[in-house]
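Here you go, sequence then predicted model.
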Amino acid sequence: MGRVKDFKLLGKKGPGRKARKQGDPTIPAALREDKKIDKVKKKLGGRIRQRTKKRLLNLAVAASTRVTKTKSKSKKDSAGETTSESEHEEGRDDDEMEVIPQPSVSDDEDDSIGEEADDFCSDDEELVELPIEKKSRKRDKKLKKEKEESKKEFTQQMAGHEVFELPDIESISNEPQDLPTVSQRLREVLHVLANFKDLREPGRKRKEYVTLLEHDLKVYYGYNEYLIDKIIQLIPHSELLEFLDACETPRPVTIRTNTLKTRRRDLAGALISRGVNLDPIGDWSKVGLVIYDSQVPIGATPEYLSGKYMMQGASSLLPVMALAPQVNERILDMCAAPGGKATYIAALMKNTGLLVCNDYKKERCKSLIANIYRMGVQNTIVCNYDGRKFTKVMSGFDRILLDAPCSGTGVIAKDQSVKTSKSEVAIERCSHMQKELILEAIDALNASSSTGGYLVYSTCSVLVEENEGVIDYALSRRNVKVVDTGLNFGVSGFTRFREKRFHPSLSLTKRFYPHTHNMDGFFVAKLKKFPQKSTIVGSKQQPAEEEEKEEDEET
Ligand SMILES: C[S@@+](CC[C@H](N)C(=O)[O-])C[C@H]1O[C@@H](n2cnc3c(N)ncnc32)[C@H](O)[C@@H]1O
């Protein structure tokens, strides 16, 4: 463990020990201006004089032959032979460079001339180069070159190492699957897909990586090909693993206070005294509680048995909140069993008006009745009809909740069999049933309701076919309009998905995901029904927008 130090409390540091020791800079006598002149005038030895003369001569020749290289001539003029190595190393732009042709000399001399000429301008003393110095300089140069070459090689090797080599998918499928290897490969493929242009193996196509991704996700998480493919299409690659991991993890246990019997504060107090560790579910709900742990079974406490709360997922509160039931309304819960949402609706209606709870499955109606009874709901009748034919029984509701039967792809954490049981046919069947149910629900609504005329459609599926696809279908068949759900969190529904294009108002629908909202995957849409124009012969519906326009014109 490192020490914790509050650096803000420390004052600004003064000069260091070394700095304090040093006095003001003074120029040594030997370097003072007057002395320096003497030094330059110093008499040179015979050999040095000869070398200096030679260098001066070279410089003079160079100056006289200096030419400005033209852009087109630059490469032809044997620039490679005449331009010094250091210029190439610095990577200057040849097109704008001045080329200084040198007299023809040996390679060695050429090196020394270029460098010495520079030195010559700075300090005469340095002109004197002993054989040992020359040797050492050459060795330094050789070392520098070697160093640069090895650096280049290393960079290439590293670049090569980063390229993830795409294995042959067919041979992989035939091999026994080693999960840690598959997991590692998954991450590598996702990494490549995140920056495909730079990280892909040259010549490889995106589709090849996606095929491998599909294969590995299927193996690692145990999905069938159809569903994993759907999930890959739906969830951004950057979130895929998070989503799939969330589908492996149970959501937190949550309960809803039954306000017909108690207040949340009182319920929380009673449960805490029994050793339940809990908290309010979040700012968005006044009735939800999240249970962290408990010394007693939450489904068997005296408070539960006496109907003071319902055990239900956080997401199942959302459609009822969107429905916003009012007292004394006539409300239908078309697919109600086992009654988590129905009993919440009744509580918001304060046990007034009429709540019709329907479910097609007789067996499930038993648990619905049991919950209604336990929760003290008294404004309800339970019926057992096919929702697709409900208008033959009843209609004229102020509000309807259609919590439709679905694939359950939002609740995989609860039911792992979804991973392998869903097929294209199954989803099509679901979607078809949902479309039939939604049209019937709209028809059972009272468009002229003074308080409502609203339908809330919800599913615990994340698939577009069961959500936006169904709402878009309803918009095209009935005189309804998508309105705001009133839910201030969640992700907007799709208005376009792959080749599909939906009505722009679909953005008012809400999606919830296990990995982002830590609740079951859910979809909520709210529709408002408008009255039919009976004067238009042969037309069953009129788009809501046109109707609204006409209403505006009339007013
Ligand atoms: C998602 S569950 C409803 C959950 C319920 N709303 C709740 O909160 O407890 C869907 C229900 O639709 C019912 N169902 C399926 N097909 C139906 C149909 N054609 N008409 C009415 N109900 C149907 C199922 O029996 C199931 O209970």
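That came through fine.

Tyr304 versus the residue of the stretch 51-200 of the chain found nearest the ligand, what's the distance?
Proximity of the stretch 51-200 of the chain to the ligand (CB to the nearest ligand atom) peaks at Leu186, 32.3 Å away. (Glycine included, C-beta is placed from N, CA and C.) Going from Leu186 to Tyr304 by CB to CB, to the nearest Å gives 42 Å.

again, but for Met310
From Met310 to Tyr304 the distance is 8 Å (CB to CB).

Compare the two (neighbour count), which wins?
Met310 (24 against 19; other CB atoms under 10 Å).

Quick one: residues contacting that one.
If a contact means CB atoms under 8 Å, 6 or more residues apart in numbering, then Met310 has 255-256, 258, 340, 343-344, 371, 375 as its contacts.

Quick check: Glu303 touching Leu271?
Yes - Glu303 lies in contact with Leu271 (CB atoms under 8 Å); the separation is 6.4 Å.

any chance you could map the strands in the stretch 401-550 of the chain?
454-459, 480-483, 491-492, 496-497, 500-501, 510-512, 522-529 (DSSP state E, counting those that start in this stretch).

could I get the ones you listed as CSV with distance to the ligand and mean pLDDT?
Listed next are the strands of the stretch 401-550 of the chain as CSV, based on distance: least, CB to the nearest ligand atom, whole Å; pLDDT from 0 to 100:
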stretch, distance to the ligand, mean pLDDT
strand 454-459, 7, 98
strand 480-483, 20, 98
strand 491-492, 21, 98
strand 496-497, 23, 97
strand 500-501, 24, 96
strand 510-512, 15, 98
strand 522-529, 11, 98
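
So what's the predicted local confidence for Arg55?
You'll see Arg55 listed with a pLDDT of 61.

same check, this time on the one 10 residues further on
In the predicted model, Thr65 carries a pLDDT score of 43.

Mean neighbour count added to the strands of the stretch 401-550 of the chain, as TSV?
Converted to TSV, the strands of the stretch 401-550 of the chain look like this (neighbours: other CB atoms under 10 Å):
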stretch	mean neighbour count
strand 454-459	26
strand 480-483	21
strand 491-492	12
strand 496-497	14
strand 500-501	12
strand 510-512	23
strand 522-529	25
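
May I see these arranged in a markdown table, with distance to Leu213 as well?
Formatted as a markdown table, those follow (distance: least, CB to CB, whole Å):
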| stretch | distance to Leu213 |
| --- | --- |
| strand 454-459 | 27 |
| strand 480-483 | 34 |
| strand 491-492 | 23 |
| strand 496-497 | 19 |
| strand 500-501 | 22 |
| strand 510-512 | 23 |
| strand 522-529 | 25 |
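
Counting neighbours, what do you get for Glu440?
Using other CB under 10 Å, Glu440 is surrounded by 20 other residues.

State the distance from it to Arg477.
For Glu440, the distance to Arg477 - CB to CB - is 11 Å.

Please apply the same query to Asp279.
To Arg477, Asp279 is 44 Å away according to CB to CB.

what do you get for Lys526?
17 Å.

cool, Leu213 as well?
According to CB to CB, Leu213 and Arg477 sit 38 Å apart.

repeat for Tyr309
40 Å.

Neighbour count for those two, which is higher?
Tyr309 (26 against 14).

Next, the more buried one: phi, psi?
phi -150, psi 160 (degrees, to the nearest 10).

Bridged to it, which residues?
Here Tyr309 sits in beta bridges with Thr257, going by DSSP bridges.

Spatially nearest residue to Ile345, not counting backbone neighbours?
In space, not counting the residues next to it along the chain, Ile345 is nearest to Pro325; the distance is 5.0 Å by CB to CB, 6 or more residues apart in numbering.

Helix, strand, or coil at the one you found?
coil (DSSP: H, G, I helix; E, B strand; the rest coil).

For the ligand, see how far away it is.
Distance, Pro325 to the ligand, using CB to the nearest ligand atom, to the nearest Å: 14 Å.

and that residue, how many neighbours?
What Pro325 shows, counting by other CB under 10 Å, is a neighbour count of 26.

pretty sure it contacts Asn379?
No - when contacts are counted by CB under 8 Å, Pro325 is not listed as touching Asn379 (10.4 Å).

what do those two both touch?
Counting by CB under 8 Å, 6+ apart, the residues touching both Pro325 and Asn379 are Met349.

mind pulling up the phi and psi values for the closest residue to the ligand within the stretch 451-555 of the chain?
Per CB to the nearest ligand atom, Cys460 is where the stretch 451-555 of the chain lies closest to the ligand, at 6.4 Å. Backbone torsions of Cys460, given as degrees, to the nearest 10, read phi -100, psi 40.

correct me, but it touches Asp415?
No - Cys460 lies out of contact with Asp415 (CB under 8 Å); the separation is 9.9 Å.

Mind listing the shared neighbours of those two?
With CB under 8 Å, 6+ apart, Cys460 and Asp415 have common neighbours Gly408.

Show me where the stretch 51-200 of the chain dips below the pLDDT cut-off.
51-130, 150-162 (pLDDT under 70).

For the residue of the stretch 101-250 of the chain found nearest the ligand, give its distance to His517.
Nearest residue of the stretch 101-250 of the chain to the ligand: Cys247, at 18.0 Å (CB to the nearest ligand atom). Cys247 sits 13 Å away from His517, going by CB to CB.

Show me which of the two is the more surrounded one.
Cys247 (25 against 20).

Which one's more surrounded, Cys460 and Asp415?
Per other CB under 10 Å, whichever of Cys460 and Asp415 has more neighbours is Cys460, with 25 against 12.

leaving aside the residues next to it on the chain, what's closest to that one?
Using CB to CB, 6+ apart, the nearest residue to Cys460 is Gly410, at 4.3 Å.

Show residues contacting stretch 486-501.
By CB under 8 Å, 6+ apart, stretch 486-501 touches 233, 284, 318, 321-322, 324, 464, 467-469, 471, 502-504, 506-513, 516-517, 523-526.

Can you select the buried ones among the residues you listed for me in ChimeraX?
Filtering the contacts of stretch 486-501 down to the buried ones (16 or more other CB atoms under 10 Å) takes a single ChimeraX command:
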select :318,321,322,324,464,467,468,469,471,502,503,506,508,509,510,511,512,513,516,517,523,524,525,526
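
Now, the contacts of stretch 486-501 that are in helices?
Residues of those located in helices (DSSP state H): 233, 318, 321-322, 468-469, 471, 516-517.

a markdown table for those, including distance to the ligand and pLDDT?
Converted to a markdown table, the ones in helices among the contacts of stretch 486-501 look like this (distance: CB to the nearest ligand atom, whole Å; pLDDT from 0 to 100):
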| residue | distance to the ligand | pLDDT |
| --- | --- | --- |
| Gln233 | 24 | 96 |
| Leu318 | 11 | 98 |
| Met321 | 13 | 98 |
| Ala322 | 13 | 98 |
| Glu468 | 18 | 98 |
| Gly469 | 18 | 98 |
| Ile471 | 17 | 98 |
| Thr516 | 22 | 93 |
| His517 | 18 | 93 |
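
ok so, going back, give me the distance between the residue nearest to Ile345 and Gly452.
Counting by CB to CB, the separation of Pro325 from Gly452 is 9 Å.

got any residues that touch both of the two?
In terms of CB under 8 Å, 6+ apart, Pro325 and Gly452 are both contacted by the residues Arg399.

Leu401: what's it in contact with?
Neighbour list for Leu401: 319-320, 323, 331-334, 341-342, 345, 455-456, 458 [criterion: CB under 8 Å, 6+ apart].

And it, how close does it get to Val356?
For Leu401 relative to Val356 (CB to CB), the value is 11 Å.

tell me, what's touching the two both at once?
Listed as contacting both Leu401 and Val356 by CB under 8 Å, 6+ apart are 331-333.

which of these count as buried?
331-333.

Quick one: those residues as CSV, columns for pLDDT too.
Shown next, in CSV, are these (pLDDT from 0 to 100):
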residue, pLDDT
Ile331, 98
Leu332, 98
Asp333, 98
